[in-house]
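>>> Would you be able to build a 3D model of this:
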Amino acid sequence: MKCIIVAAGSSTRLRPLTNALPKCLLSIGGKTILTRAIENLFNANITKIAVVVGFEAAKIRSFLKQQFPFVKFRFILNPNFASTNNAYSLLLAGNFFLEPKSPTNINDHLLVLDSDIIFHPGLLQKVVGLGEENMIAVRVKGAHDAEEVRVALDNFGNISEIGKDVNPDRTYGESIGIEWFAHESAKLLFEVLERRVKRGNGRTEFYEMAFQEMIGLGVKIKAVDASDFPAIEIDSPADLELAERVIVPSIDTISNVRI
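So this is what the prediction gives:
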């Protein structure tokens, strides 16, 4: 099992907090967003981790090497982070997933994780434990707005639409930035990403557009309801305040991971 954390963006909506600091290194409740994510990965026994960096890349590298000195992270640089979007960043990590270092890596599954999510460790354990072929964590409960990446389902419970343009009337819930793909589907994902980048649009679009194309090709992706697990994507000062006041206190009742 391999994980790709996408952490290349400059997070302009959180300036001045992110003028010289990547969003994932913001501290909430005494820990950085990135520290919480890495601890959750270890809790789920996921240790093959690549981090796609761009804005202030050296700070992320230095932080992780100091915080987790015994972990061999793979760092992948997106030098064009200012003019590209997360689909391009994810594509750059394709070799990390596709290259087998040993026969045991040949059939690795893939976890894709946005670097700006704070989430309960039980959510990732649920996704891993379900054993479904392809899954996306979705917050179903609560209100939904135009800023979210929304999903709609078909009659069989598979995701039929994903993106910010999904009609609110058909919305099942919000994708929170945690995606799991079986090996063959992950291989197809990188093929689709590369094709879309070569056509030109893929450089500046969200990677959910590649998910949508995969669905059109017949790939089945399940929505895993994450509503019972505290989680939040940090996009704005209001998100930071809510995470500090509500989300993190509920998460921190779980024991910290010891490395």
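
>>> Show me what counts as buried in stretch 199-217.
202-203, 205-215 (16 or more other C-beta atoms under 10 Å). Where you see a C-beta, it was placed from the backbone N, CA and C, and this is true even at glycine.

>>> all strands of this structure, in order?
With DSSP state E, the ranges of strands along the chain come out as 2-7, 27-28, 31-32, 48-53, 74-77, 110-114, 117-119, 134-139, 150-153, 159-163, 173-181, 222-225, 231-233.

>>> highest average neighbour count across these?
Ranked by mean neighbour count under mean count of other C-beta atoms under 10 Å, the strands of the chain are led by strand 2-7, which reaches a mean of 26.

>>> biggest helix in this protein, by residue count?
helix 183-199 (DSSP state H).

>>> coming back round to it: now the strands of the chain in a markdown table, please, with extra columns for mean pLDDT and distance to residue 94.
Output for the strands of the chain, formatted as a markdown table (pLDDT from 0 to 100; distance: least, C-beta to C-beta, whole Å):
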| stretch | mean pLDDT | distance to residue 94 |
| --- | --- | --- |
| strand 2-7 | 95 | 9 |
| strand 27-28 | 90 | 31 |
| strand 31-32 | 92 | 27 |
| strand 48-53 | 96 | 10 |
| strand 74-77 | 96 | 9 |
| strand 110-114 | 94 | 10 |
| strand 117-119 | 90 | 22 |
| strand 134-139 | 92 | 17 |
| strand 150-153 | 92 | 24 |
| strand 159-163 | 93 | 20 |
| strand 173-181 | 92 | 12 |
| strand 222-225 | 91 | 23 |
| strand 231-233 | 85 | 24 |
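
>>> okay, those strands in JSON lines with distance to residue 38 next?
Below are the strands of the chain laid out as JSON lines (distance: least, C-beta to C-beta, whole Å):
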{"stretch": "strand 2-7", "distance to residue 38": "8"}
{"stretch": "strand 27-28", "distance to residue 38": "14"}
{"stretch": "strand 31-32", "distance to residue 38": "9"}
{"stretch": "strand 48-53", "distance to residue 38": "7"}
{"stretch": "strand 74-77", "distance to residue 38": "13"}
{"stretch": "strand 110-114", "distance to residue 38": "10"}
{"stretch": "strand 117-119", "distance to residue 38": "12"}
{"stretch": "strand 134-139", "distance to residue 38": "17"}
{"stretch": "strand 150-153", "distance to residue 38": "26"}
{"stretch": "strand 159-163", "distance to residue 38": "26"}
{"stretch": "strand 173-181", "distance to residue 38": "14"}
{"stretch": "strand 222-225", "distance to residue 38": "21"}
{"stretch": "strand 231-233", "distance to residue 38": "16"}
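
>>> Those: which one's closest to residue 240?
Closest to residue 240 of the strands of the chain is strand 27-28 (C-beta to C-beta; 6.7 Å).

>>> so what does that closest one touch, helix or strand wise?
If contacts are counted by 3 or more C-beta pairs under 8 Å, 6 or more residues apart in numbering; DSSP states H and E, strand 27-28 sits against no helix or strand.

>>> neighbouring contacts of that strand?
118, 234, 240, 243, 244, 248 (C-beta atoms under 8 Å, 6 or more residues apart in numbering).

>>> so the last one sits right up against residue 120, yeah?
Think residue 248. No: Residue 248 is beyond contact range of residue 120, at 10.3 Å (criterion: C-beta atoms under 8 Å).
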